[in-house]
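> model this:
(chains A and B)
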Amino acid sequence: MQVFRFSQARSVDAAVRSGGAAGASFIAGGTTLVDLMKLNVLAPQTVVDINGLPLDRVEAMPGGGLRIGAMVRNSDLANHATVKQQYAVLSEALLSGASPQLRNMATTGGNLLQKTRCYYYRDTNYACNKRQPGSGCAAQDGFNRIHAVLGGSEHCVATHPSDMAVAMMALEATVHTQGPKGERAIALDEFYLVPGNTPNRENVLAPGELITHVAIPGLAADTRSHYLKLRDRAQYEFALASAAVVVKVSGGRVGRVRIALGGVGTKPWRSREAEKALEGQEASRENFRRAADAAMADAKPLQYNGFKIELAKRALVRTLEQTTQAA
Amino acid sequence: MDHAKNPVLDAQPQDPDNSSKKSSDPQPGGEQAHEPALGRFSRRAFLAQLGVASVAATTAPLAHATAVEETEAPAGVPGAVPVTLNINGKEYHVRLEPRVTLLDALRDHLQLFGTKKGCDHGQCGACTVHVNGRRVNSCLSFAIMHQGDKITTIEGLAENGQLSPVQQAFLDHDGFQCGYCTPGQIMSASALLHEPIGPGDDDVRAAMSGNICRCGAYNNIVAAVQQARGNRTT
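The predicted model follows:
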């Protein structure tokens, strides 16, 4: 591991100042950063510890919804009473991710910034445009079973690994930040970037810009939600395909519905196509299947990951069935 | 990691725990637990003495061990800074580089060898310790970030020479084979007693999924955890 300067931020202002230096990186839970520093994939010159910042609370917002501090640990958020009762999709997604030890460490802000599990990104012996812009993409002709079928480019097909972010995408979360230019709020749907020509740019954060909290809006009464994750093992494995659904059904018809998919996209994948195909329609298996087809219409398989297209469709159909069944 | 083990510290002829509660060796299956005649003699000390013997034949004797609490990084490590860690109720003052993980601090600088290094990437759970009562992977955290935290390792579970209920349960159910993952398994199991998980065996398997056992002692581990929780296996 490269040597680095270490400092501990006592305030958000101080963190933003230190984090804005060239080659600086914030450290929260450390579960991604320390791992990748050991692999020499990341080599920050300065590491700014933000564990002392007062961003570790989950608060109810006056008009409904929750304000989740960036330093709230995954396990605490998953087991928070309001989250369990009103945002099942979020609790389920969090509990499906990583291991209990990692969930005790990993934070809300850090999880949004989790790095891909692409083998070629994690191994400095291979070409990777995300790690080293311009070096190429070893996954295109490599073993790409875990890679993305949505949102990829010839420069990168790495999936975003977070489960939490998929649930938050379906909950229409907003990311709140503080940076050198002040505070701002970013819709999660506009927070992530598809790789295009610049896979090294994964989100819209500026240098030194710190996620302070995530807001999720309140849900209408009788809204139901669920997260289904399909993977190679029953526990402690990344998604091959996952589906997050937040839906309200009345009179057998689908009302407001929000759909996001994980494991198949280069970012947590909100599917407006599937939502549009469903809203106002009868809650039936045929319509769910039509919505799933719409979600994956633009999918582009690589040599080894074509199975993900059908897997994601089935994950979505199953999740829609579970959330729309008569209670 | 770039932190090579310190051969001097690693080859200490004395068991590093001699200065503290010795009768509480928490490693089930360890020599102490079964062999009263070797009650003050750990596997590590035995192996270390073999090493010392072979070294001593050709070189001068090694320096005596210092008290654990005063252990410091080898002199002259650039960038090392003073760090205070509270481990198993004791304060340790050491000099560490910021890049030293909590796991490496425990093993390479504080001679607390009970916590094991497996994958060193948060995937196997062998390095599991408690920080402020919660289980974490000590390999994925820098030691310098834990000043002021209460750290508990496998060496801190037994009290007054009595194994903790989880440790005893692992012995009762033979919840191990080679024993390398066992400290991490026991630290995980001890923490989950206070976590909101369901009563069934499948709930235990899910809650223990962050701890890999390559010998495959999982059935016995589940039985041990269920005994410690006061549940029957389902």
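> Confirm for me that B:T234 is in contact with B:G198.
No - shown here, B:T234 and B:G198 do not form a contact pair, counting by C-beta atoms under 8 Å, at 10.1 Å. Placement of C-beta: from N, CA and C, glycine included.
> and for those two, which residues touch both?
Counting by C-beta atoms under 8 Å, 6 or more residues apart in numbering or on different chains, B:T234 and B:G198 have no contacts in common.
> Show me what the helix or strand containing A:R258 is packed up against.
Taking DSSP states H and E as the definition, one finds A:R258 inside strand A:253-262. If contacts are counted by 3 or more C-beta pairs under 8 Å, 6 or more residues apart in numbering or on different chains; DSSP states H and E, strand A:253-262 sits against helix A:164-170, strand A:241-250, strand A:269-270, helix A:272-278, helix A:285-295, helix A:307-324.
> which parts of the second one are buried?
Counting neighbours by 16 or more other C-beta atoms under 10 Å in any protein chain shown, one finds that the buried residues in strand A:241-250 are A:241-249.
> Sheet partners, orientation included, of it?
Using DSSP bridges, the strands paired with strand A:241-250 are strand A:224-230 (antiparallel), strand A:253-262 (antiparallel).
> May I have it as CSV, with CA atoms only?
Coordinates of each C-alpha in strand A:241-250 appear next as CSV, following Å, rounded to 0.1, in the frame of the first residue of the first chain:
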residue,chain,number,x,y,z
ALA,A,241,-29.8,-9.4,-11.2
SER,A,242,-32.0,-7.6,-8.7
ALA,A,243,-35.3,-5.7,-8.7
ALA,A,244,-36.6,-2.9,-6.5
VAL,A,245,-40.3,-2.1,-6.8
VAL,A,246,-42.3,0.6,-4.9
VAL,A,247,-46.0,0.4,-6.0
LYS,A,248,-49.5,1.3,-5.0
VAL,A,249,-52.3,-0.8,-6.3
SER,A,250,-56.0,0.1,-6.1
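> and that strand, what's its mean pLDDT?
Averaged over strand A:241-250, pLDDT sits at 97.
> what angle separates it from helix A:307-324?
30 degrees (axes from the mean of the first three to the mean of the last three C-alpha atoms, to 10 degrees).
> residues in chain A within reach of chain B, list them.
Listed as neighbours of chain B in chain A under the rule C-beta under 8 Å from any C-beta of the partner chain: A:1-6, A:8, A:27, A:29-31, A:34-35, A:37-38, A:47, A:49, A:51, A:75, A:79, A:98-102, A:104-105, A:234-236.
> Regarding B:V129, what is its secondary structure?
Assigned with DSSP: H, G, I helix; E, B strand; the rest coil, B:V129 falls in the strand class.
> what residues are up against it?
For B:V129, the contact set (C-beta under 8 Å, 6+ apart) comprises B:102, B:106, B:115, B:135-136, B:138, B:151-154, B:187.
> switch the cut-off to 6 Å
Going by C-beta atoms under 6 Å, 6 or more residues apart in numbering or on different chains, B:V129 touches B:115, B:138, B:151, B:153, B:187.
> out of the residues you listed, which are inside strands?
Among the contacts of B:V129, the subset assigned to strands under DSSP state E consists of B:I151.
> biggest separation within the contacts of B:V129, which pair?
Taking C-beta to C-beta, the two most distant members of the contacts of B:V129 are B:I151 and B:M187; they sit 11.0 Å apart.
> Sort out for me which of the contacts of B:V129 are in helices.
B:M187 (DSSP state H).
> Adding distance to chain A, pLDDT and neighbour count, write the contacts of B:V129 out as JSON lines.
As requested, the contacts of B:V129 are arranged in JSON lines below (distance: C-beta to the nearest C-beta, whole Å; pLDDT from 0 to 100; neighbours: other C-beta atoms under 10 Å in any protein chain shown):
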{"residue": "B:T115", "distance to chain A": "13", "pLDDT": "98", "neighbour count": "26"}
{"residue": "B:S138", "distance to chain A": "9", "pLDDT": "98", "neighbour count": "30"}
{"residue": "B:I151", "distance to chain A": "13", "pLDDT": "98", "neighbour count": "25"}
{"residue": "B:T153", "distance to chain A": "14", "pLDDT": "98", "neighbour count": "24"}
{"residue": "B:M187", "distance to chain A": "9", "pLDDT": "98", "neighbour count": "30"}
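> Among the contacts of B:V129, which one lies nearest to A:A260?
Within the contacts of B:V129, distances to A:A260 taken as C-beta to C-beta reach their minimum at B:S138, with 33.9 Å.
> Could you count how many residues lie near the residue in chain B positioned nearest to chain A?
Distance from chain A to each residue of chain B (C-beta to the nearest C-beta) is smallest for B:G210, at 2.7 Å. Counted by other C-beta atoms under 10 Å in any protein chain shown, the residues lying close to B:G210 total 26.
> how close does the closest residue in space to it that isn't next to it in sequence get to B:L102?
Once flanking residues are discounted, B:G210 sits nearest to A:S99: 2.7 Å by C-beta to C-beta, 6 or more residues apart in numbering or on different chains. According to C-beta to C-beta, to the nearest Å, A:S99 and B:L102 sit 17 Å apart.
> The two - which one has more neighbours?
Counted by other C-beta under 10 Å, A:S99 and B:L102 do not tie: B:L102 has more neighbours, with 30 against 27.
> Skip the chain neighbours and tell me the closest residue to the more buried one.
B:L102 sits nearest to B:S138 (C-beta to C-beta, 6+ apart), 4.1 Å away.
> for the one you found, what are its contacts?
Contacts of B:S138 (C-beta under 6 Å, 6+ apart): B:102-103, B:127, B:129.
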